[in-house]
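*Asks:* can you look at this prediction? I've put the sequence above it.
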Amino acid sequence: MIMDLAWNGFRKKRIESALFEHFDPERLEAVKMFHESVPGYDETPLVHLDNLAENIGVGNIYVKDESERFGLNAFKGLGGIHAVAEYFRNHEGMEFDGYDGLLSALENRTPVTFATATDGNHGKGLAWAASLLDQQAKVFMPEGSEASRLEAIRELGAEAEIMNMNYDDTVERVAALAEENGWVLVQDTAWPGYEEVPLSIMKGYTTIIKEVQSQLGKNVFHGITHVFLQAGVGSFAGAMAAALFNLTGGEGPTIVVVEPDQADCFHRSIQNPSGDPLRVTGALDTMMAGLACGEPSIQGWEILKASADAFISCGDETSARGMRLLGRPEGDDQSIVSGESGAVPFGAFHRLMTEAEYQEERQRLGLNGTSNVLFISTEGDTDAGNYARIMNG
């Protein structure tokens with residue numbers, strides 16, 4: 001069960017990236033206010049695992065449970081609805097205030113078709129956003145995608161199918177199809193020439209951190225010392241890192257990024273002497289479907305290269321450990337249903353804290369009795385069959 005940690009040699013004391021300006025506190029507040037106007041909005045729980053924190057030797061463990069977000073069992077709807085709203089504002093010249101204003105502005109207009117490639121959660125979030133606004137969605141999934149995730153997207157009214165190619169090739173194919181058919185591409189990864197929509201999606205994710213700030217209170221929020229973030233293309237992790245940095249006045253916590261070893265494009269890229277991102281090819285065979293991405297988003301890469309401290313590559317067994325620990329917690333700690341992609345940072349953290357071979361890494365990261373550690377469980381049991389197998393295994 002090898003788990004490898006790579007240190008970020010590009011990390012500087014002073015953050016020098018214009019992307020961070022897009023995540024200033026005023027903009028983050030505006031995003032959260034928009035989400036508060038959307039039907040079904042409510043803060044997701046922030047769970048304190050006090051028993052585990054005491055037993056494992058840290059000050060506090062906080063887990064943000066995104067399985068309850070908009071009834072979607074994952075956080076991705078935050079990015080989908082915000083990106084669609086921003087498309088209408090920026091490209092259709094619509095002026096509106098909140099969800100109701102947008103819905104009114106869309107009356108008697110021909111529906112727009114939004115398209116995306118997804119391993120599941122992002123496509124479901126986009127399908128939900130399109131259905132809320134009486135628009136259309138086309139969703140394409142890579143080979144190996146679970147049938148249950150496909151059906152969950154179709155149940156929201158989207159056209160969806162599974163392709164015979166991996167995630168990154170599916171992204172490229174859908175981009176071409178959108179160009180050919182006049183669809184609006186809403187992809188949660190950026191590349192040169194395609195950056196506006198992914199940035200809107202990333203801003204949508206930041207409501208998670210704004211809620212954490214509110215739930216903890218500003219003083220305790222500023223006391224967070226470590227954050228473990230999962231990465232696929234890096235849009236989620238990059239958004240969380242940028243929001244944390246700006247909401248703490250540039251005194252952000254230690255950030256550790258966690259990836260599956262079969263799709264560890266950030267872990268490999270951070271070790272590239274040139275500092276350029278690298279692409280992982282092949283089947284990207286991992287049960288962490290939401291993280292099975294071989295190429296970093298250029299925006300996520302820029303932010304994490306500038307702000308993250310370390311990158312961990314680990315196997316499915318580390319994710320399974322996190323799922324079991326959260327689902328069957330110690331003492332009277334609250335149980336959290338966390339899926340494969342949601343639980344892997346927790347599994348990696350637990351291994352760092354409990355396995356002797358990671359003592360040096362643990363000490364260098366400063367994980368000790370004064371540490372206050374934040375995790376974001378990004379999904380529930382989105383693959384219910386596999387979740388049951390892991391929990392009963």
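*Replies:* That came through fine. Numbers count the residues shown, from 1 in each chain.

*Asks:* need the helices for the stretch 101-250 of the chain, in chain order.
*Replies:* With DSSP state H, counting those that start in this stretch as the criterion, the stretch 101-250 of the chain has helices at 121-132, 147-154, 167-181, 196-205, 207-216, 218-222, 235-247.

*Asks:* which strands and helices sit next to the fourth one?
*Replies:* Judged by 3 or more CB pairs under 8 Å, 6 or more residues apart in numbering; DSSP states H and E, the packing partners of helix 196-205 are helix 25-36, helix 77-91, helix 235-247, helix 298-307. Where C-beta positions appear, they are placed from N, C-alpha and C, glycine not excepted.

*Asks:* quick check: which of the ones you listed is buried the most?
*Replies:* Mean neighbour count (mean count of other CB atoms under 10 Å) peaks for helix 235-247 among the helices and strands packed on helix 196-205, with a mean of 28.

*Asks:* what mean pLDDT does that helix have?
*Replies:* Helix 235-247 shows a mean pLDDT of 97.

*Asks:* with only the CA atoms kept, save that helix in CSV.
*Replies:* These are the backbone C-alpha positions of helix 235-247, laid out as CSV (Å, rounded to 0.1, in the frame of the first residue of the first chain):
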residue,chain,number,x,y,z
SER,A,235,-10.5,23.1,-10.3
PHE,A,236,-12.1,22.2,-6.9
ALA,A,237,-8.8,22.1,-5.1
GLY,A,238,-7.6,25.3,-6.7
ALA,A,239,-10.9,27.1,-5.9
MET,A,240,-10.7,26.0,-2.2
ALA,A,241,-7.0,27.1,-2.0
ALA,A,242,-7.6,30.5,-3.5
ALA,A,243,-10.6,31.2,-1.3
LEU,A,244,-8.8,30.1,1.8
PHE,A,245,-5.8,32.3,1.0
ASN,A,246,-7.9,35.4,0.4
LEU,A,247,-10.3,34.9,3.3
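
*Asks:* distance between that helix and the chain's centre?
*Replies:* Put simply, helix 235-247 sits 10 Å off its chain's centre (CA atoms, centre = their mean, to the nearest Å).

*Asks:* who's in contact with whatever helix or strand comes next after that helix?
*Replies:* Where DSSP states H and E defines the elements, the next helix or strand beyond helix 235-247 is strand 254-260. Applying CB atoms under 8 Å, 6 or more residues apart in numbering, the set of residues contacting strand 254-260 from outside is 225-232, 234, 237, 241, 244, 265-267, 286, 288, 291-292, 304, 307-316, 319, 344-345, 348-349, 365-366.

*Asks:* list the buried ones in stretch 272-282?
*Replies:* For stretch 272-282, a neighbour-count test (16 or more other CB atoms under 10 Å) marks 277-278, 280 as buried.

*Asks:* as CSV, those with distance to Glu180, secondary structure and pLDDT would be great.
*Replies:* Output for those, formatted as CSV (distance: CB to CB, whole Å; DSSP: H, G, I helix; E, B strand; the rest coil; pLDDT from 0 to 100):
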residue, distance to Glu180, secondary structure, pLDDT
Pro277, 28, coil, 97
Leu278, 30, coil, 97
Val280, 28, coil, 96
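
*Asks:* quick check, nearest of these to Ser67?
*Replies:* Comparing the buried residues of stretch 272-282 against Ser67 with CB to CB picks out Val280 as the nearest, at 27.9 Å.
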